[in-house]
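S.K.: all I have is the shape, not the residue letters:
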Ligand code: AHR
């Protein structure tokens with residue numbers, strides 16, 4: 001073909017195809033019979049006695065002018081119910097290994113005060129205790145996840161707590177509970193056996209902790225664990241693979257149901273930078289640590305697979321989220337930070353990772369629920385706002401307990417300063433015949449086009465929601481609570497089973513079949 005004719009054809013093609021969406025990333029979705037179910041517990045939360053999380057955040061007290069139910073703010077209860085939160089971890093964090101639960105039961109005026117040594121050294125009056133927390137979980141329809149004290153507690157104190165909340169009758173602790181006004185037990189299933197035992201939980205070696213864990217886990221249950229308690233061992237900090245190796249090697253399988261992992265996202269641990277005033281370099285670094293979650297899960301899973309090929313022990317990421325400097329003028333020990341589109345990017349990509357790894361990851365807890373770290377809600381007096389992270393969590397509720405549809409694709413790159421990260425993240429699921437797909441584009445500048453073949457899934461129509469904004473730094477304030485909110489999304493086409501989506505820069509899109 002002569003050159004000029006080729007040129008004319010090329011020009012014609014350009015005219016003919018102008019305005020059509022050229023898919024650049026092709027995602028294949030598999031409708032696999034034996035794919036795992038995405039446990040709704042991956043969408044769990046965490047509320048620690050830390051800063052304004054419990055006191056002032058969740059709990060304002062029965063006499064507060066702020067509308068409340070048994071002292072817990074009604075606006076927050078409604079928001080968490082809307083989020084369908086599946087579980088709530090309490091009372092810590094580092095606080096858990098300083099907490100003596102008996103200080104938080106009985107008449108409130110008789111409860112001893114305590115000093116919160118880890119978080120700001122403030123004095124607490126213990127007015128929010130076991131009954132308050134477990135009744136709140138009942139109200140929310142969420143499973144409680146109690147983190148017990150190994151660092152400064154005893155086996156007796158721990159087993160008394162289990163007896164107090166789980167025995168129906170015939171034991172000293174069941175009698176005490178009834179005297180405190182609760183006839184029926186709450187039947188708490190999820191128990192954390194200490195927290196960060198390599199650090200604030202006691203600076204232990206994994207070998208020492210594994211032995212201690214065996215001791216506690218033995219007395220927590222009957223020999224056969226017929227009450228079906230779910231025991232979660234305090235797990236590794238990020239890439240401490242040795243920690244997981246020792247736990248998996250040294251703890252007999254009948255004593256353990258889950259192994260934890262903690263990983264936060266940050267710019268640099270020693271120079272975290274502002275939560276809302278950051279540049280692209282800081283954004284890129286934060287996303288690098290957020291996306292590291294994939295490698296962490298892969299490598300911890302490899303170790304678990306070695307000792308537990310049957311996958312009887314779950315990986316529980318019971319602390320994750322973005323960690324920045326506190327807001328100016330606030331107590332540095334209170335970890336109060338704003339929440340921007342950067343956090344929406346962390347949430348969207350991390351939850352996609354958890355969904356895709358749902359064969360081993362059965363629970364995760366965002367740190368934390370309110371007024372601390374990557375919160376879903378912030379409060380100021382009687383006002384409350386929902387953060388971009390809240391909106392992502394809400395958009396992703398479609399994946400709760402849905403069957404995973406494994407995806408396969410090569411992501412385009414988000415490049416900054418000579419370094420690259422995968423720009424696009426995807427997960428998909430199916431529940432009661434409906435298909436849901438969540439897509440994230442973390443690129444700060446470029447839109448990305450994605451094509452997904454849905455023919456085998458027989459999807460005819462879809463609706464979509466998007467969370468994005470003008471700037472990555474955008475966030476909701478008490479003056480403007482609606483700056484970042486989800487909107488209906490129309491920039492997609494579904495023709496003959498092929499879905500084509502154009503993802504704007506830094507956006508989260510969730511599509512659902514109708
Ligand atoms: O979530 C804040 C703190 O981070 C927790 O108390 C601790 O477990 C972790 O180091």
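M.R.: That came through, no problem. Source: prediction; values computed, not measured.
S.K.: got the phi/psi numbers for residue 251?
M.R.: Dihedral pair for residue 251: phi -100, psi 120, per degrees, to the nearest 10.
S.K.: cool, and residue 471?
M.R.: Recorded main-chain torsions at residue 471 are phi -130, psi 150, according to degrees, to the nearest 10.
S.K.: report pLDDT for it.
M.R.: You'll see residue 471 listed with a pLDDT of 98.
S.K.: what does this protein have sitting close to the ligand?
M.R.: 48, 92-94, 195-196, 319, 367-368, 373 (C-beta under 6 Å from any ligand atom). For glycine as for every other residue, the C-beta is placed from the backbone atoms N, C-alpha and C.
S.K.: could you dump those residues to CSV with pLDDT, neighbour count and distance to residue 334?
M.R.: Below are these laid out as CSV (pLDDT from 0 to 100; neighbours: other C-beta atoms under 10 Å; distance: C-beta to C-beta, whole Å):
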residue, pLDDT, neighbour count, distance to residue 334
48, 98, 28, 11
92, 97, 26, 14
93, 98, 30, 13
94, 98, 21, 13
195, 98, 30, 19
196, 98, 23, 19
319, 98, 24, 17
367, 98, 25, 14
368, 97, 25, 11
373, 98, 28, 10
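S.K.: show me the residue at the heart of the chain, geometrically.
M.R.: Geometric centre of the chain, nearest residue: residue 366, 3.1 Å, by C-alpha atoms, centre = their mean.
S.K.: hmm, it is touching residue 42, no?
M.R.: No. Checked against C-beta atoms under 8 Å, the pair residue 366 and residue 42 is beyond contact range at 10.1 Å.
S.K.: which parts of the stretch 1-150 of the chain are helices?
M.R.: In the stretch 1-150 of the chain, the helices defined using DSSP state H, counting those that start in this stretch lie at 3-17, 74-82, 130-140.
S.K.: once you drop chain neighbours, what's closest to residue 95?
M.R.: In this structure, residue 95 finds its nearest non-sequential neighbour in residue 49, 4.5 Å apart by C-beta to C-beta, 6 or more residues apart in numbering.
S.K.: helix or strand for residue 262, which one?
M.R.: Taking DSSP states H and E as the definition, residue 262 sits inside strand 258-265.
S.K.: what's that strand packed up against?
M.R.: strand 230-237, helix 241-250, helix 280-307, strand 314-322, strand 361-367 (3 or more C-beta pairs under 8 Å, 6 or more residues apart in numbering; DSSP states H and E).
S.K.: any weak-confidence spans in the protein?
M.R.: Along the chain, segments meeting pLDDT under 70 span 1-23.
S.K.: name the residue of it that lies nearest to the ligand.
M.R.: Residue nearest to the ligand within the chain: residue 93 (2.6 Å; C-beta to the nearest ligand atom).
S.K.: contacting residues for residue 287?
M.R.: 265, 342, 345-346, 349, 414, 421, 442 (C-beta atoms under 8 Å, 6 or more residues apart in numbering).
S.K.: so of those residues, which ones are in strands?
M.R.: Judged by DSSP state E, these include 265, 414, 421 as members of strands.
S.K.: pairing partners for the last one in the sheet, please.
M.R.: With DSSP bridges as the criterion, the beta-bridge partners of residue 421 are residue 414.
S.K.: count of neighbours near it?
M.R.: Under the neighbour criterion other C-beta atoms under 10 Å, residue 421 is assigned a count of 17.
S.K.: so it touches residue 414, yeah?
M.R.: Yes. Applying C-beta under 8 Å as the test, residue 421 and residue 414 come out as touching, 5.0 Å apart.
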